[in-house]
Every structure is written in C-alpha cells, then in structure tokens.
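Enquirer: Following is a predicted model, sequence given first.
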Amino acid sequence: MGKNIVQVLPREIVFFIVVITMQFLLVACDKLAEKAKAEAVDLEPYKYTAEGEDKGDVLIYSSSKCSWSDKAKTYFLSNKIKFSYIDVDKLPAKARDAAEEEMKQWNPTCPKNYICYPTIVINGVGIDGFGTESQNKIIKLLEGKTQPDPSGIGDCGTCSGNLQCSQWISGTSCSWQSCTCYFTYKGSDTSKSYYHSSDGQCFQCGELGPNHEESCRQAAQELVNHCYQF
C-alpha cells in the first residue's frame, strides 16, 4: 500500500509545515475576528447596573417576563452585590439577536433553538438558570473559591467570547484544527489560542506575553507527535 506524503517526510519537515500552516490560519482567524468585531452590536448602552459590593464582573441576561430572572436580580439586590443586567426581550431586533448569540456562547447547555433565561455570567463563567445548583455555583464564584479560566476554553471547552477555528487538516493518525478564542477580561480585549485534534486532545498556547510564541511552538510539537505518527 502506498504512503502519503507526510509518511515519507522527516518529522522535522512535517513540524515546520504544521507550524507555518498554523501561523497562516491564526492570521486568517485574526482577520475574521476583526471583521466580526466591526459588525458587532454594542450592548453596553442597554446594560443597567445595580450598585452594591463589588465582587467582580456580574452580568444577567434576563427577560422581563421571566420569574427566574426576577429571582436572580432579587438575590443580588438583597445581598447588596453590584451587578449589571440586560432585559433581552426589550431590545431592538439587531441588539436582541446579538444578545441571544452571546447567551448561547455563555450557556452551551441550553437546548438548541431555545433561549434560556436567566443566563448569568460571573467573572467569565456562564451559569444556566437560577435553580439550587446554579445558586451554589454563584456562591462559590462570589466567594472566590473558584479561579476560572477567563477565556472559558479550559481544556478545549467552550469559548466565552468569539471563537474562530480553521478547517480540519488531516494528519496520519488524526485530524486537527487551529482555534483562537477572542474574549474580554477586566475591560480589555485579549485572546487565547490552541490546537484541537479530532480525537479530543487539546494543545494550548500559553498566556499572551514574551513566551507566547515559544509556547505555541511547543503546543505544535505536541500536536505533531500526536497526529503525525509514523
């Protein structure tokens, strides 16, 4: 049986090709993200803020017709915790569509074709509803007992912001794609990149900074070792 080209090339050449391809895809993702950002609807004018103790960034996507949304607001008000909220059902059409898309990103467990109210976001962590389980999670987050990844991707989990991914590329033992999550953390726009294999493995670059490029090279090397087995 014949071999494909990556099976006959030296591993160093395969690694070089993968890294160059990844860099090209990340640039393409950046351009797509810039276009999406330019077309994005600004929801800030539609946010209302209730003053109280500052426990971090707390945002409730609510509906004025949802009793659970009212209960969530009452919880933060009665505990005198600062929070912001958006009554999504009262927004103009384009802003409502944008808010609903954000809710889906924060609340991936919501069934398809449904809008789940309330969706609560605390310091970069999305919470579904306001039942007992959700309330326990809220308490832990407000008490600082969890230190969430602000991007939300964790080990290739759900991106809390705008996720841009390349098409799948075939290796010898699995396929892979390059992804970048663009999100806002403490008022600043930032991003986190990772490589994702078809068998569920995640190879993350490090935080943005002087060692970011080297960490991406290491992630690429791990990907090569995983998806290009000879």
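Expert: Perfect, I can see it now.

Enquirer: which SS state does the spatially most central residue of the chain fall under?
Expert: Taking Cα atoms, centre = their mean, the centroid of the chain lies closest to residue 159, which sits 1.4 Å from it. Assigned by DSSP: H, G, I helix; E, B strand; the rest coil, the conformation of residue 159 is coil.

Enquirer: so it makes contact with residue 181?
Expert: Yes - counting by Cβ atoms under 8 Å, residue 159 touches residue 181, with 3.8 Å between them. Just so you know, the C-beta spots here come from the backbone N, C-alpha and C atoms, and that holds for glycine as well.

Enquirer: Find me the pLDDT at the residue nearest to the centre of the chain, would you?
Expert: Per-residue confidence at residue 159 stands at 71 (pLDDT).

Enquirer: now do residue 19
Expert: pLDDT at residue 19 comes out at 63.

Enquirer: and what of the one 3 residues further on?
Expert: In the predicted model, residue 22 carries a pLDDT score of 63.

Enquirer: mean confidence for stretch 65-84?
Expert: Rounded mean pLDDT across stretch 65-84 is 93.

Enquirer: start to end distance for that stretch?
Expert: 18 Å (Cα to Cα, to the nearest Å).

Enquirer: Tell me which residues of it come out buried.
Expert: When burial is assessed from 16 or more other Cβ atoms under 10 Å, stretch 65-84 yields the following buried residues: 66, 68, 69, 72, 73, 75, 76, 81, 83.

Enquirer: With secondary structure and distance to residue 222 added, can I get those residues in a markdown table?
Expert: Output for the buried residues of stretch 65-84, formatted as a markdown table (DSSP: H, G, I helix; E, B strand; the rest coil; distance: Cβ to Cβ, whole Å):
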| residue | secondary structure | distance to residue 222 |
| --- | --- | --- |
| 66 | coil | 45 |
| 68 | helix | 43 |
| 69 | helix | 44 |
| 72 | helix | 41 |
| 73 | helix | 45 |
| 75 | helix | 43 |
| 76 | helix | 42 |
| 81 | strand | 42 |
| 83 | strand | 40 |
